[in-house]
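K.L.:
What follows is a predicted protein model with its sequence.
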There are 2 protein chains.
Amino acid sequence: MDADYGIPRQLSDLQKLRSHYQPELPPCLQGTTVRVELRDATTAADPSGEHTIKRFFPHTYSQPLVHFLRATAKVPAAQIITEHPAIRVGVLFCGRQSPGGHNVIWGLHDALKVHNPKNILLGFLVKYFLYDGGSEGLFAQKTLEITNDVLATYKNQGGYDMLGRTKDQIRTTEQVNAAVAACKALKLDGLVIIGGVTSNTDAAHLAEKFAETKWPTKVVGVPVTLNGDLKNQFVEANVGFDTICKVNSQLISNMCTDALSAEKYYYFIRLMGRKASHVALECTLQSHPNMVILGEEVAASKLTIFDITQQICDAVQARAEHDKNHGVILLPEGLIESIPEVYALLQEIHGLLKQGVSADKISSQLSPWASALFEFLPYFIRKQLLLHPESDDSAQLSQIETEKLIAHLVETEMNKRLKEGTYKGKKFNAICHFFGYQARGSLPSKFDCDYAYVLGHICSHILAAGLNGYMATVTNLKNPGNHWHCGAAPISAMMTVKRYGRGPGKASIGVPALHPATVDLRGKSYELLSQNATKFLLDDVYRNLGPLQFDGPGADAKAVTLCVEDQDYMGRIKKLQEYLDKVRTIVKPGCSQDVLKAALSAMASVTDILSVISSPSSVSTPF
Amino acid sequence: MDADYGIPRQLSDLQKLRSHYQPELPPCLQGTTVRVELRDATTAADPSGEHTIKRFFPHTYSQPLVHFLRATAKVPAAQIITEHPAIRVGVLFCGRQSPGGHNVIWGLHDALKVHNPKNILLGFLVKYFLYDGGSEGLFAQKTLEITNDVLATYKNQGGYDMLGRTKDQIRTTEQVNAAVAACKALKLDGLVIIGGVTSNTDAAHLAEKFAETKWPTKVVGVPVTLNGDLKNQFVEANVGFDTICKVNSQLISNMCTDALSAEKYYYFIRLMGRKASHVALECTLQSHPNMVILGEEVAASKLTIFDITQQICDAVQARAEHDKNHGVILLPEGLIESIPEVYALLQEIHGLLKQGVSADKISSQLSPWASALFEFLPYFIRKQLLLHPESDDSAQLSQIETEKLIAHLVETEMNKRLKEGTYKGKKFNAICHFFGYQARGSLPSKFDCDYAYVLGHICSHILAAGLNGYMATVTNLKNPGNHWHCGAAPISAMMTVKRYGRGPGKASIGVPALHPATVDLRGKSYELLSQNATKFLLDDVYRNLGPLQFDGPGADAKAVTLCVEDQDYMGRIKKLQEYLDKVRTIVKPGCSQDVLKAALSAMASVTDILSVISSPSSVSTPF
């Protein structure tokens, strides 16, 4: 036990109310019996990476997809687990805090105790799971046994402060060895890792390590990241994304109301969310600001920083012609890396930093064109671009004030246009903001509370089924909780292989990993944005969502992007299995020749079509 | 009517719910009868300024204090107004937007229509009340008649976007003439000005102008400012302050949760609120961050920027000794002007700017010591200090990143201590934030909705009573709405006279004005902070208030500073009147000699004491 637990936590009235909220469980998770259906072996979405993934995950690749079933489900092949020998499970928060994380632990705890009251859940306290840089790895006793008393003040609460967060990664040989040693010393039957793409990638590698060495600890990953970028055919949403978007939308709405009241400022708002623009897109669809520049659009159209500037200036000018001298413009923090020439510059800088060149010497060692761009940029941005990259090789996006850079360039251009007489409106005034940290510690929304709690339960089911290297999944999330489909998918099946490494970092070349899913420019959410872009730009149809509510209107609202996307991959996989089973039942040996012929002909046609459309050349990589 | 009203406003579900909320009226405002009690003539709190105030306000100074009474009140001298001839009233938002402003207009409208359905309320649309810089002053037709239809989507909503906000001031001869012309052209019987100290000062001068020229328009002020600095013996709170503090406290709470989860950052948060530190104090008492530096403390103790740096570094060091490497520190935006040497530097800069010296030449024309300080400061701050001052002669506080300056200095000092070995903790990491704009457009809290609506009603009562140069007031606010005392006080009675002008701006020398009330370092709120400072600093007793709720726990919570201060000046004035009346009743001619003697002796003693303690030498100015 840690000494810090001596000071009682002060909860506000609202926190107390929330701490008594009990999320509901879907029927498939109720009771003490685990009904698990192991379906077909999984495959990677990008067939071209399959060979490499197999090589890295010989023991945990192509494991079957898993569904958990309700008591009334009639699936003869399902495995019914009623006996639960006592197990010891470890759990840790990996990487950045995301609202709802505590509920994963709560759900896991509740399910473990329902299965067997003797089950033990140990939380790894921050700093102690991986001993900073040391090779001994672990203070084995620095864990906290999770009990109802410990959980009491953390149920439905934000932050990761029950345990604190650990380092972002378990990747180097030392880190992996430390983790293995921890699991062995504590005799863990299961280890649950709560985090985003990086942490779940590490979870898969750790699982493979255990499988390879035949050590019985099973590793389970849980998709918890405010970025919303751990998305694939098995995972529809991440814990924390809903809250982050609602809190940010509240603030963006307030900025819109403010802009409309003052009628003289342009607010440039940068949003957290790492490389992908999911948060920016969702917030735009919720609060209807005038404009958003998605990193994915910029990358796809290869827009330069000057193109982006011109685009915004044209928007400002169009609004001025409608007598509007205010506006709100959203920028994702990943935008800076999506701009081709800035990305190339960053690559050069990171390369030099890795060679040990000190920051003040870098500008003199850049290639001529990179140097020219660097010198063109304002001083404050230059300083920020020189920061060391993150553990995933991306720039320190939260520290680069892209909104100030863009506002600065737009202001310069608008002043030029004003002078030249091509712009006849009022003087352009920009005010910049970065929204991120202030949402990250928020009380989680009802959706995140429910989703996280259910995921926690699923982890316990996964361990009861003896599965290793899986991620807990819930699909059909846009429908009410009692219709959610609970399951698990091998993490390695979600991986892709990047053939071209980014910079000289060796870890990122050719190693299979979960990569952040970017906004799909052919998806329904982006289509919705495109349809409304002009209206948003010119008509000021701002929508003030107000503060996050836990009761009444809006309390049960789900993310727009979750609702418009027609996902439920897992549900469809299940449906397909049912069709195949039905064919098998109808065409049993002994059926008529005609039926068999018809079946053969129809199935031949189906398989032909599928062979064609799923050949490598016609599949575009999802990332 | 403005063309913009063609596009229907999109309200979110929560906004719709809120738009149906109906604030309750205290008994004294119910019904069509206005019962007004004119009490004793008022006097300025600072007797030394009285002479000057009288000179500027010969017609509107020393008017009586006004109470509005409930139907059951037994006050024989009260004036009962039952007839309400139809009147025309104008209303405008003056200065910065503050949540709840719309409800003042709604309350005013409802009361006017109750008094006489033929009453007309005209809202002045932004930009049109005072024609920018022109002498013609007014497009008389650019008003919007306020009706139930217009109000429908603005009830209990944030922002000022129903009308937009006008310029911050009605002060220059041209501006005042434009305003007078507007009132005359539109045949206004009343003009209601919604704003803070500056706007209410202007309201008083405009009222005097009308009184002087015997023009019948009555001017009424309403205390609406998020800064919470329009405070005096008559005014307990300002509309918007409650919401701003709650929304900021939500965000600060989230930062605290975040800091505790990450365990490696110090968050430096600058809060909006202009010169005074009311917002910072209230937010501290609500959310319990580790530290706050109030501008008033700095000014009172004449702390230099180095003292402040040392103070924070010592705090960081003390926390590190408790193994805490994170924290949250609040700074009011007015702090920068409270630091004596920085203030002096700003005065020099503003003086030079007024002389027409261009920003890039200023550093060479500063006095040697000011120049030395200027050159010592980081580049980004220098640039911000060179901005032109605001209309009230203060620096552009929202544009000066004091939090970055302080964080920079603290980081430098901590690195020095680390190198010297006097600090043995982890490397100090600061992340900076400015919270202000994102709260200003928020949906108003229930308190602000109620308070603003009631103030709007009072404005109508003030006009019905034919009063000019008054501010609408509600006291006893910490108690439930049916116990609120409604009244009005002459704005000139709230004024003070600053004898020493700030810089060469002539307007600020010797002209009576409402000055921002600063945090009272001898008051109960500050005492509460002092008592808890050590606990806040070391024990991380963070209190996460969560997002603003409109129902359930916390929805009816009032500001801590409002509740701990024992205010209700108006209630006490009334109580005193009752005592005096009682003495008069008991000691009627015909009472016994003994009773008369006792009364004489007691009253002589009372008047002696009061003469002594209210002589100018013993009264300290409240500002």
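P.N.:
Received, thanks. This structure is a prediction, so every number in the text was calculated from the model and none was measured.

K.L.:
Quick one: neighbours of A:G571, just the number.
P.N.:
Residues lying near A:G571 (other C-beta atoms under 10 Å in any protein chain shown) number 17. Where C-beta positions appear, they are placed from N, C-alpha and C, glycine not excepted.

K.L.:
I misspoke; the intended subject was A:R55.
P.N.:
A:R55: 12 neighbours (other C-beta under 10 Å).

K.L.:
mind checking how far it is from chain B?
P.N.:
36 Å (C-beta to the nearest C-beta, to the nearest Å).

K.L.:
counting contacts, what elements does the worst-scoring helix or strand of chain A on mean pLDDT pack onto?
P.N.:
Lowest by mean pLDDT, DSSP states H and E among the helices and strands of chain A is helix A:569-586, with a mean of 82. If contacts are counted by 3 or more C-beta pairs under 8 Å, 6 or more residues apart in numbering or on different chains; DSSP states H and E, helix A:569-586 sits against strand A:34-41, strand A:64-68, strand A:470-475, strand A:485-490, helix A:593-613.

K.L.:
Would you format these as JSON lines with mean neighbour count and distance to A:L335 included?
P.N.:
What follows is these, written out as JSON lines (neighbours: other C-beta atoms under 10 Å in any protein chain shown; distance: least, C-beta to C-beta, whole Å):
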{"stretch": "strand A:34-41", "mean neighbour count": "18", "distance to A:L335": "39"}
{"stretch": "strand A:64-68", "mean neighbour count": "23", "distance to A:L335": "36"}
{"stretch": "strand A:470-475", "mean neighbour count": "27", "distance to A:L335": "29"}
{"stretch": "strand A:485-490", "mean neighbour count": "26", "distance to A:L335": "31"}
{"stretch": "helix A:593-613", "mean neighbour count": "11", "distance to A:L335": "34"}
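
K.L.:
so who does whichever residue of the stretch 151-300 of chain A sits closest to chain B touch?
P.N.:
Shortest the stretch 151-300 of chain A-to-chain B distance, computed as C-beta to the nearest C-beta: residue-wise this is A:T257, at 3.2 Å. Contact partners of A:T257, counting by C-beta atoms under 8 Å, 6 or more residues apart in numbering or on different chains, are A:542, A:544, B:97, B:157-159, B:161, B:441-442.

K.L.:
make it 7 Å
P.N.:
A:542, A:544, B:158-159, B:161, B:441 (C-beta atoms under 7 Å, 6 or more residues apart in numbering or on different chains).

K.L.:
which among those residues end up buried?
P.N.:
Among the contacts of A:T257, those classed as buried by 16 or more other C-beta atoms under 10 Å in any protein chain shown are A:542, A:544, B:158-159, B:161, B:441.

K.L.:
So which residues of the stretch 1-150 of chain A form strands?
P.N.:
Along the stretch 1-150 of chain A, the stretches classed as strands by DSSP state E, counting those that start in this stretch are A:34-41, A:64-68, A:79-81, A:88-93, A:120-124, A:143-145.

K.L.:
Which strands border the fifth one, and is each parallel or antiparallel?
P.N.:
Strands flanking strand A:120-124 in the sheet, each with its direction: strand A:88-93 (parallel), strand A:143-145 (antiparallel) (DSSP bridges).

K.L.:
Kindly export the longest one (C-alpha atoms) in CSV.
P.N.:
Only the C-alpha atoms of strand A:88-93 are listed here, as CSV (Å, rounded to 0.1, in the frame of the first residue of the first chain):
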residue,chain,number,x,y,z
ARG,A,88,-4.5,-13.4,-9.6
VAL,A,89,-4.7,-10.6,-12.1
GLY,A,90,-2.6,-7.5,-12.5
VAL,A,91,-3.9,-4.3,-14.1
LEU,A,92,-2.1,-1.0,-15.1
PHE,A,93,-2.8,2.3,-16.8
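
K.L.:
Low-confidence ranges, the stretch 51-200 of chain A, go.
P.N.:
Along the stretch 51-200 of chain A, the model assigns pLDDT under 70 to residues A:126-141, A:166-168.

K.L.:
at 90 what do you get?
P.N.:
For the stretch 51-200 of chain A, applying pLDDT under 90 flags the ranges A:51, A:71-78, A:94-96, A:124-144, A:161-182, A:185.

K.L.:
What parts of it come near chain B?
P.N.:
By C-beta under 7 Å from any C-beta of the partner chain, the residues of the stretch 51-200 of chain A that approach chain B are A:97, A:126, A:158-161, A:164-165.

K.L.:
Farthest pair within the residues you listed?
P.N.:
Taking C-beta to C-beta, the two most distant members of those are A:V126 and A:G158; they sit 16.0 Å apart.

K.L.:
near chain B, which residues of the stretch 501-623 of chain A show up?
P.N.:
So far as C-beta under 7 Å from any C-beta goes, the stretch 501-623 of chain A lies against chain B at A:539, A:541, A:543-549, A:551-554.

K.L.:
which among those end up buried?
P.N.:
A:539, A:541, A:543-549, A:554.

K.L.:
in the stretch 301-450 of chain A, what residue is nearest chain B?
P.N.:
A:G441 (3.2 Å).

K.L.:
Tell me the pLDDT of the residue nearest to A:L377 when sequence neighbours are not counted.
P.N.:
Sequence neighbours aside, A:L405 is the residue nearest to A:L377 in space, at 6.9 Å (criterion: C-beta to C-beta, 6 or more residues apart in numbering or on different chains). Model confidence at A:L405, given as pLDDT, is 94.

K.L.:
give me the element A:L405 is part of.
P.N.:
In this assignment (DSSP states H and E), A:L405 forms part of helix A:402-420.

K.L.:
list the contacts for the spatially closest residue to A:E333 that is not a sequence neighbour?
P.N.:
Leaving aside its sequence neighbours, A:E333 sits nearest to A:L397 (C-beta to C-beta, 6+ apart; 4.2 Å). By C-beta under 7 Å, 6+ apart, the contact list for A:L397 reads A:274, A:333-334, A:336.

K.L.:
tell me which parts of the stretch 351-500 of chain A are close to chain B?
P.N.:
Contact residues (C-beta under 7 Å from any C-beta) of the stretch 351-500 of chain A with chain B: A:380, A:431, A:433, A:437-443.

K.L.:
From the residues you listed, which land in helices?
P.N.:
Using DSSP state H, A:380, A:437-440 are the members of these that sit in helices.

K.L.:
Would you mind giving the residues you listed as a markdown table with pLDDT added?
P.N.:
Below are those laid out as a markdown table (pLDDT from 0 to 100):
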| residue | pLDDT |
| --- | --- |
| A:F380 | 87 |
| A:Y437 | 89 |
| A:Q438 | 91 |
| A:A439 | 93 |
| A:R440 | 91 |
